[in-house]
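In: Give me a model of this one.
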Amino acid sequence: MSLISRCCAAFMLALLLGSACAQGPAPTAAAASDAPAAATDTTQAPAQATVADLRAAFAKLPAKAESNEDIRSLLKQLNAIGTQADAFVSSRSGPLADLNARLGELGNAPTAPGSTEDPDITRQRSTLLKERNALDADVRLAKLLAVDAQQRGSDLLTQRRKLFEAQLTERAPSPLGREFWLDIRDAWPDDTARLHALGAELRDGLAVVRQPAHRNTVLLSIAAALLVALLGNWLAELGLVKLAARVLPPGRLRRSLLVICIVGTNVVLVGMAAQWLHAVLDTHGAWGPATRKVAQAVVASSIFIAFVVGLGRALLSIHRPSWRLPPIPDAMAARLAPYPWLIALIGTLVWAPAQVNAVVDASFAAVVATHVVTALALTALIAAIVLRLGPGQPAGRPASSAESGADAPPERPIWVGMLLSAVVVIVVVIWVLVAAGYVAMASFLAGQLTWGGIVAAAFYVLFKFADDLFTAVVSSKSSFGARLQKSFGFAPATLDQAAVVLSGLSRVALFFYMVIALVAPLGTSPGEVFQRSGQFGSGFKIGEFELVPGAIFSAIGVALGGFVALRVLKRWLEQRYLPSTTLEPGMQSSITTLLNYAGGILVVAFALSALGIGINRIAWVASALSVGIGFGLQAIVQNFISGLILLAERPVKVGDWVVLGATEGDVRRINVRATEIQLGDRSTLIVPNSEFITKTVRNMTLANAEGRVLIRLPMPLSTDAKKVRELMLAACGAHAGVLATPAPSVTLEGIEGGTLIFQAIAYVPSPRLAGGVRSDLLFEILDALQAADLPLSVPTMLVAPGGATPMATPGESPPAAPLQS
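Out: Next up is the predicted model:
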């Protein structure tokens, strides 16, 4: 799991860096060059700065900003002040709680007339009160400062968003008109002069690097950086493929994890090489004030290229089709192979002029021309990709299978066609906007469309990885899932459901951050967007309830851990402890069932507490539930309470043989609402628990688990009664299912209708055996009577008015009484 976690961290870092390079120059550089001195002091203030210092630094910040860079710088300073205020509150919360506890131990000052107190205690209370009040005032001021900083940041974000919207809706001369080209011609001398100044600064830096004192070191650094970025990536990819084939079992997890590792490795190696080379050149004096900003942009663009190219190559997997993650044919993958490079290169090329314009403060005409080039270049690239994915190119499995005579790949899903159609519509809209002069809006839409495709591809990998991870780890088909089944007794269906639920939760979390990444270019920086996500994670209210995403995941963790622990304890009781006691099985089942209910209630209570729902809100829910009970839940509650009574008083327990009305059978399970009774035909009858409380129930095994067999036989008056008694006792004593104690008995009940009535009573270990033993005894007794020439009385059929009726003739017995058991 450590390899998986490292690869996930690297991949998310790559995504963040990619989003950073898609936005513009690093905020740090801009802030470092433009931030006022007071802001620098604020960002570098110690972690334990006083509230007065933080308040003074906050008061020095201007209330408004004129440019986007000023807003970014102010946001950074406000975030630093808020962070230090929160740290101050956290560091003082412990001492404040200690002071309150010590004051609680001392108690309140005596107020009764004439009462006295030890002067030392009075002095100590006064000192503690003074310290507590001062510390509490500082904590309150720090909390207020954090709220003020957050409010000021929200105002700046609103101002920045308005500036961004104003820039988007601003109309410039159309490239199809003459004014557009005249503006470029008029601004050309000034722009070229600014570019010449930047070029002169770059040439001065190169002249410094070419000096003998720096030349060899710089050349070796360039060579080393290229080796790490190119050869290192190639070797790392080969090593990852071999490692994945050797360590990971075949399956979907190996494919998705390999994609993540390849992309993460590419970004890390290229980023390290670029940053190291930039630092070496900076150390040797190659950068000036302007070229340093351009160099930082180049470093960011190299990381962006590595991310996009690595992601595209890993997804297409030209040389390893069986490892390809998306279901696309080989032919289409081959046609799309150059496009990751084209996306990265064109994205960098259209982004570079914007960075240069910002560095040299280019004219408005140059900015408009840059927007036009950006919109047209990106839309041309997108249109080429759509043509490659257009009709006639089904998105199925490899086309080689269809060419070899196998089943044709499935048709393209309808949502793919709708998505491509929407992209075509957006491209046409961008061209119309460019022609109409809304070049900023067109450039933004083109960049957002490209960025959306990159983010969608990245999170497609993460979605697949989350699904594959939990399927391979938690599901019943995995080796770890098999160990869970053996250790905790989980059913396979339970593990499969857990895998689906965990995968769904991880997809929801990933979807949230995908939305954050998609809206990152909307006038905000990636750091600001992730800061918003952190504020969103601190909690949001729905009515009177405050939901905190962190608390939700904590509650889910508490619930999962609690139910697993409850399952382990229940399994230990059932298999280890209770079998070693003298409790009967029914009592053991009742104990484990009650424990399961009580433990479940405790786990739910702990989960609600972790979610932040207090006792008062639970009472509110209970009161609302009582109204529902009054309207329609009486039967459910009645059965629930009846189930608890059955488990506590145990008039009926698991394993009993009960008779309820015309139904009789074995109690197999007592649930919270109903009891399961297994009938003689092996079917199961579900009986509400209230039936056992409100109606008459015959429990055949409540006080005595033994069963009784009763046989009544009619014999003629001339029968040798002692001989019959001996034969019946011998048959009962010879049967293995008849208990020796109490001993079987045979009695002569009397004479009925001219026949002797013999009654045999025998006892068996369980009432469930009575029917079978009675049948066996009847076979044995009848055989013995026949061998001893002792016939039974047989009724004679006489025709009487109204039909045939069994009548007793003189000297014969009437019909025998029914045999009972």
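In: hmm, who's touching stretch 265-279?
Out: Here stretch 265-279 makes contact (CB atoms under 8 Å, 6 or more residues apart in numbering) with 10, 13-14, 17-18, 221-222, 224-226, 228-229, 232-233, 236-237, 240, 295-296, 298-299, 302-303, 305-307, 309-310. C-betas here are computed from N, CA, C, even on glycine.
In: So which of the residues you listed are in helices?
Out: Using DSSP state H, the members of those that fall within helices are 10, 13-14, 17-18, 221-222, 224-226, 232-233, 236-237, 240, 295-296, 298-299, 302-303, 305-307, 309-310.
In: quick one: what helix or strand has the residue nearest to Leu578 when sequence neighbours are not counted in it?
Out: Once flanking residues are discounted, Leu578 sits nearest to Gln588: 4.3 Å by CB to CB, 6 or more residues apart in numbering. Taking DSSP states H and E as the criterion, Gln588 maps to helix 585-611.
In: Quick one: list the elements packing against that helix.
Out: For helix 585-611, the helices and strands in contact under the criterion 3 or more CB pairs under 8 Å, 6 or more residues apart in numbering; DSSP states H and E are helix 549-572, helix 634-649, strand 663-670.
In: Just want the angle from it to helix 549-572.
Out: Calculated by axes from the mean of the first three to the mean of the last three CA atoms, to 10 degrees, helix 585-611 forms an angle of 170 degrees with helix 549-572.
In: just the angle between helix 585-611 and helix 634-649, please?
Out: Using the same axes, to 10 degrees: helix 585-611 against helix 634-649 is 120 degrees.
In: buried residues in helix 585-611?
Out: Using 16 or more other CB atoms under 10 Å as the test for burial, helix 585-611 gives 586-593, 596-597, 599, 603-604, 607-611.
In: go on, stretch 700-717?
Out: Within stretch 700-717, judged by 16+ other CB under 10 Å, the buried ones are Met700, Thr701, Leu702, Gly707, Val709, Ile711, Leu713, Pro714, Met715, Pro716.
In: mean confidence score for that stretch?
Out: What stretch 700-717 shows for mean pLDDT is 81.
In: how long is it end to end?
Out: For stretch 700-717, the separation between the terminal residues is 37 Å (CA to CA, to the nearest Å).
In: list the contacts for the residue nearest to Arg55 when sequence neighbours are not counted?
Out: Among residues not flanking Arg55 along the chain, Leu145 sits closest, at 5.9 Å (CB to CB, 6+ apart). The contact partners of Leu145, taken as CB under 8 Å, 6+ apart, are Val51, Leu54, Arg55, Phe58, Ile81, Gly82, Ala85.
In: Same question for His214.
Out: Counting by CB under 8 Å, 6+ apart, His214 makes contact with Val208, His284, Gly285.
In: Can you lay out the residues you listed as JSON lines showing pLDDT, distance to Ala762 and neighbour count?
Out: Below are the contacts of His214 laid out as JSON lines (pLDDT from 0 to 100; distance: CB to CB, whole Å; neighbours: other CB atoms under 10 Å):
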{"residue": "Val208", "pLDDT": "84", "distance to Ala762": "114", "neighbour count": "17"}
{"residue": "His284", "pLDDT": "82", "distance to Ala762": "108", "neighbour count": "18"}
{"residue": "Gly285", "pLDDT": "81", "distance to Ala762": "111", "neighbour count": "14"}
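In: can you redo those as a markdown table with secondary structure and distance to Asn133?
Out: A markdown table is the format used below for those (DSSP: H, G, I helix; E, B strand; the rest coil; distance: CB to CB, whole Å):
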| residue | secondary structure | distance to Asn133 |
| --- | --- | --- |
| Val208 | helix | 61 |
| His284 | coil | 58 |
| Gly285 | coil | 57 |
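In: So which of the residues you listed is the closest to Ser503?
Out: The closest of these to Ser503 turns out to be His284 (CB to CB; 51.1 Å).
In: coming back round to it: need the winner for burial among the helices and strands packed on helix 585-611.
Out: strand 663-670 (a mean of 18; mean count of other CB atoms under 10 Å).
In: Now do it against helix 585-611, angle only.
Out: Orientation of strand 663-670 against helix 585-611 (the same axes, to 10 degrees) gives an angle of 40 degrees.
In: show me where the stretch 401-550 of the chain has strands.
Out: Using DSSP state E, counting those that start in this stretch, the strands of the stretch 401-550 of the chain run over 540-542, 545-547.
In: For the ones you listed, which has the smallest mean pLDDT value?
Out: Here the strands of the stretch 401-550 of the chain differ in mean pLDDT, and the lowest is strand 540-542 at a mean of 54.
In: Reformat the helices and strands packed on helix 585-611 as a markdown table; add mean pLDDT.
Out: Formatted as a markdown table, the helices and strands packed on helix 585-611 follow (pLDDT from 0 to 100):
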| stretch | mean pLDDT |
| --- | --- |
| helix 549-572 | 79 |
| helix 634-649 | 74 |
| strand 663-670 | 83 |
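In: Tell me which of the ones you listed lies nearest to Trp341.
Out: So among the helices and strands packed on helix 585-611, helix 549-572 is nearest, using CB to CB, at 38.3 Å.
In: elements contacting that closest one?
Out: Packing partners of helix 549-572 (3+ CB pairs under 8 Å, 6+ apart): helix 479-488, helix 526-537, helix 585-611.
In: Would you single out the least confident of those?
Out: The minimum mean pLDDT among those belongs to helix 526-537 (a mean of 50).
In: Show the average pLDDT along stretch 729-742.
Out: Averaged across stretch 729-742, pLDDT comes to 88.
In: Tell me the buried residues in that stretch?
Out: Neighbour-count burial for stretch 729-742, counted by 16+ other CB under 10 Å, picks out Leu729, Ala731, Cys732, His735, Gly737, Val738.
In: Contacts only, for the fifth one.
Out: In this case it means Gly737. Taking CB under 8 Å, 6+ apart as the contact definition, Gly737 lies against Val764, Pro765, Leu769, Gly772, Val773, Asp776.
In: so how far is Ala743 from it?
Out: For Gly737, the distance to Ala743 equals 14 Å [CB to CB, to the nearest Å].
In: thought Leu573 was touching Leu595?
Out: Yes. Because the distance of 6.9 Å satisfies CB atoms under 8 Å, Leu573 is recorded as touching Leu595.
In: Could you tell me the per-residue confidence at the most centrally placed residue in the chain?
Out: Geometric centre of the chain, nearest residue: Leu505, 2.5 Å, by CA atoms, centre = their mean. With respect to pLDDT, Leu505 has a value of 82.
In: Excluding covalently adjacent residues, which one is nearest to it?
Out: Ile556 (7.1 Å).
In: Isn't that neighbour up against Leu502?
Out: No. Contact between Ile556 and Leu502 fails when scored by CB under 8 Å: they sit 9.4 Å apart.
In: In the stretch 351-500 of the chain, where is pLDDT below threshold?
Out: 390-412 (pLDDT under 70).
In: repeat that with 80
Out: The stretch 351-500 of the chain contains residues with pLDDT under 80 at 351-352, 354-355, 357-358, 361, 389-417, 476-492, 494.
In: For the stretch 301-450 of the chain, which segments count as helices?
Out: Secondary structure of the stretch 301-450 of the chain (DSSP state H, counting those that start in this stretch): helices located at 330-336, 339-360, 364-388, 399-403, 414-436, 439-473.
In: can you list those in JSON lines and add mean neighbour count and distance to Val687?
Out: Shown next, in JSON lines, are the helices of the stretch 301-450 of the chain (neighbours: other CB atoms under 10 Å; distance: least, CB to CB, whole Å):
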{"stretch": "helix 330-336", "mean neighbour count": "17", "distance to Val687": "62"}
{"stretch": "helix 339-360", "mean neighbour count": "19", "distance to Val687": "66"}
{"stretch": "helix 364-388", "mean neighbour count": "19", "distance to Val687": "65"}
{"stretch": "helix 399-403", "mean neighbour count": "15", "distance to Val687": "57"}
{"stretch": "helix 414-436", "mean neighbour count": "15", "distance to Val687": "50"}
{"stretch": "helix 439-473", "mean neighbour count": "21", "distance to Val687": "39"}
